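*Asks:* dropping the sequence and predicted coords here.
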Amino acid sequence: MHEHGLARRIVSTAAARAAEVGCASVKTIDVRLGAWAGIDPDELRHGFGEVAKPEFLADAKLRIEVIQPEARCEDCGAEFVPDGAALRCTDCGSLRVALQCCPELEVDIMGS
């Protein structure tokens, strides 16, 4: 389960960001995951619950937003959300498609 390792990285990132901005405690950790990143949000929450032991994270809430990819057809210019089965333009059927947006992982904190 790589989600537990990822949860440890999120805790480390939260600690570093809290130190950068001078937060004594972290209230919320916002995580944005790309839908195609292969990360199970429920497993990530479970892993976070197990590793979020530092005092500054005692009451922190983990909020996870799954971001769907966006694509653009290089032939007709259509922009669409791919269905995941194939990167095929929903307008013209072309396979010449470029992903425009899909973060693998982004972490932000809100603290006090």
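*Replies:* That came through, no problem.

*Asks:* looking at the chain, which strand is longest?
*Replies:* Across the chain, the longest stretch assigned as strand under DSSP state E is strand 26-34.

*Asks:* that one pairs with which strands?
*Replies:* strand 61-67 (parallel), strand 105-111 (antiparallel) (DSSP bridges).

*Asks:* which parts of it are buried?
*Replies:* Of all the residues in strand 26-34, those buried under the rule 16 or more other C-beta atoms under 10 Å are 26, 29, 31-34. Every residue, glycine included, has its C-beta placed from N, CA and C.

*Asks:* three-state assignment of the residue of the chain most remote from its centre?
*Replies:* Distance from the C-alpha centroid of the chain peaks at Cys92, with 30.4 Å (C-alpha atoms, centre = their mean). Three-state secondary structure (criterion: DSSP: H, G, I helix; E, B strand; the rest coil) places Cys92 in coil.

*Asks:* and for Cys23?
*Replies:* Judged by three-state DSSP, the three-state class of Cys23 is coil.

*Asks:* that one reaches Phe56, doesn't it?
*Replies:* Yes. Applying C-beta atoms under 8 Å as the test, Cys23 and Phe56 come out as touching, 7.3 Å apart.

*Asks:* who touches the least confident helix or strand in the chain by mean pLDDT?
*Replies:* Considering only helices and strands, the least confidently modelled element of the chain by mean pLDDT, DSSP states H and E is strand 105-111, at a mean of 76. Residues external to strand 105-111 that are found in contact with it (C-beta atoms under 8 Å, 6 or more residues apart in numbering): 6, 10, 13-14, 17-18, 21, 23-34, 37, 39, 56.
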